[in-house]
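Chemist: sequence and predicted structure below; questions after.
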Amino acid sequence: MNKRRVVITGLGVLAPNGNSLTQYWNALISGKSGIGPIKGFDAENLSVKIAGELSDFNPEDHFNRKEVGKLDPFSIYALVTAQEAISQAGLNNGDVNKERIGVIIGTGVGGIQTLESQHSVLLSRGQRRVTPYFVPKFIANIAAGQIAIHHGFQGTNHTVISACASGTDAIGTAARTIQYGDADVVITGGTEASVTPLTISGFANMRALSTRNDDPTGASRPFDLDRDGFVLGEGAASLILEDAEHAKARGATILAELAGYGATDDAYHITQPSEGGKGAIRAMANALTDADLHVSDVDYINAHGTSTPFNDKTESAGIISLFGDHAQNLKVSSTKSMTGHSLGASGALEAVACVQAIQDNMLPPTINYTTPDPECTLDYVPNKAQKTTVNVTMSNSFGFGGHNGVIVIKRWNE
């Protein structure tokens, strides 16, 4: 059968450097970091005291206090960004068949804030004081469920969990769902509220996190020789994916086309990428094949670019291996330099950056790039945004467990 074309008609964002699509994109192209000292809890006794937390975000601007009490922050973030995306896409109107609208959301750790707080309640105050909302706040699928309940979307509904590839895999799965004819519209993306004492401690004890506590905005420095680990972030991004004919029939504004998706596993190591990035290479190649594009068609890659020693050099090696001579013409940047690494939400936030790059013909930079690494030899759009024609973008996401998710987003052309 002919594949249905999948387009993007709405975007919504909550990020450490911006609490809306416009704020986030303006911050990215201004090179503005959202990383700072942890404020959500007392981190004084932790070795890592910095993170990319949402700033000036108040859930009670969106929900009443009773509703907030029934929702983990990861669900709140998903609901808020979904509403922004739905509004942009014009899906609030009554002329859409809600039985044909699905929700597929990615998350890495789900309601971990609720898990940590209620475990403390159990230990200190006993079973009777554990909230009856514990399970429906904590379970990882509940953000997708809440979006459906709030908006009456009765189509396919599930959650993708593939560590730091979750958001990208959710978007790819949503595209497949539309191509196969199981939905006309899917609200997709990723959400994460993972800045907690336990999560920070776990990553810190793996020596995965930057310890630049005295220089928060300079701590995330992907591809720079002096990088020393990633900075944990939080947030969410939602995208409205839609069958192109459905979007045109209802007069929607098409922002871009979701053209290709590729996913593989390294089958190598629980945390480290495979030698030379073999799994990543296959995922990128599969996404290009799915999009019916060649390596020479790609203008920009939003890299996974975590700021860890192994990831950045392995990803660079994989790009060079696949793209060959064209690698030196490619623009590659890591917006994690400004947001930190929001685990299962990161791929969705970065997909939004790719759409906006196409919309504005503007590439967000990799900030904090001061000392080139001889093992990372690409053009990382250092420190300042660049104006250039952007027609085809790729977004890479790689997760613990060897998961590799890659999507290709291109300019819409009938």
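Modeler: Looks like it arrived, so ask away. Computed from a predicted model, the values in this text were never measured in an experiment.

Chemist: C-alpha only now, for contacts and for neighbours.
Modeler: OK.

Chemist: how does the protein divide into domains?
Modeler: Here the domain parsing of the chain from automatic domain parsing is 6-249, 262-410.

Chemist: now do the first one, average pLDDT.
Modeler: Put plainly, it is domain 6-249. Average pLDDT, domain 6-249: 97.

Chemist: now do the shortest one
Modeler: Per-residue pLDDT values over domain 262-410 give a mean of 96.

Chemist: ends of it, what's the gap?
Modeler: Start-to-end span of domain 262-410 (C-alpha to C-alpha, to the nearest Å) is 15 Å.

Chemist: make residue 1 into 511 and carry on from there
Modeler: Okay, residue one is now 511; in that scheme the one you just asked about reads as domain 772-920.

Chemist: what separates it from the chain centre, distance-wise?
Modeler: In this view, domain 772-920 has its centroid 13 Å away from the chain centroid, taken as C-alpha atoms, centre = their mean, to the nearest Å.

Chemist: ranges for the helices of the stretch 761-910 of the chain?
Modeler: 788-801, 819-833, 846-849, 856-870 (DSSP state H, counting those that start in this stretch).

Chemist: make JSON lines out of those helices and add mean neighbour count and distance to Thr532.
Modeler: Output for the helices of the stretch 761-910 of the chain, formatted as JSON lines (neighbours: other C-alpha atoms under 10 Å; distance: least, C-alpha to C-alpha, whole Å):
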{"stretch": "helix 788-801", "mean neighbour count": "22", "distance to Thr532": "28"}
{"stretch": "helix 819-833", "mean neighbour count": "21", "distance to Thr532": "28"}
{"stretch": "helix 846-849", "mean neighbour count": "32", "distance to Thr532": "15"}
{"stretch": "helix 856-870", "mean neighbour count": "26", "distance to Thr532": "10"}
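
Chemist: how about the ones you listed in a markdown table, adding distance to Lys897?
Modeler: Formatted as a markdown table, the helices of the stretch 761-910 of the chain follow (distance: least, C-alpha to C-alpha, whole Å):
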| stretch | distance to Lys897 |
| --- | --- |
| helix 788-801 | 24 |
| helix 819-833 | 22 |
| helix 846-849 | 19 |
| helix 856-870 | 8 |
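
Chemist: out of those, flag the one nearest Gly745.
Modeler: helix 856-870 (8.3 Å; C-alpha to C-alpha).

Chemist: tell me how far stretch 735-754 is from the chain's mean position?
Modeler: Put simply, stretch 735-754 sits 3 Å off its chain's centre (C-alpha atoms, centre = their mean).

Chemist: could you dump that stretch to PDB, C-alpha only?
Modeler: In PDB, the C-alpha atoms belonging to stretch 735-754 read as follows (Å, rounded to 0.1, in the frame of the first residue of the first chain):
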ATOM      1  CA  LEU A 735      37.100  18.700  25.000                       C
ATOM      2  CA  ASP A 736      36.400  19.700  28.600                       C
ATOM      3  CA  ARG A 737      33.000  18.100  28.900                       C
ATOM      4  CA  ASP A 738      32.600  16.100  32.100                       C
ATOM      5  CA  GLY A 739      29.000  14.700  32.000                       C
ATOM      6  CA  PHE A 740      25.500  15.600  31.300                       C
ATOM      7  CA  VAL A 741      23.100  17.900  33.300                       C
ATOM      8  CA  LEU A 742      19.800  16.400  34.300                       C
ATOM      9  CA  GLY A 743      16.800  18.300  32.900                       C
ATOM     10  CA  GLU A 744      13.000  18.100  33.000                       C
ATOM     11  CA  GLY A 745      10.100  19.300  30.800                       C
ATOM     12  CA  ALA A 746       7.900  18.100  28.000                       C
ATOM     13  CA  ALA A 747       7.100  18.700  24.400                       C
ATOM     14  CA  SER A 748       4.000  17.700  22.400                       C
ATOM     15  CA  LEU A 749       3.600  17.400  18.700                       C
ATOM     16  CA  ILE A 750       0.400  17.000  16.700                       C
ATOM     17  CA  LEU A 751       1.000  14.400  13.900                       C
ATOM     18  CA  GLU A 752      -1.600  14.100  11.300                       C
ATOM     19  CA  ASP A 753      -2.400  12.300   8.000                       C
ATOM     20  CA  ALA A 754      -1.600  15.000   5.400                       C
END
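
Chemist: lovely, talk soon.
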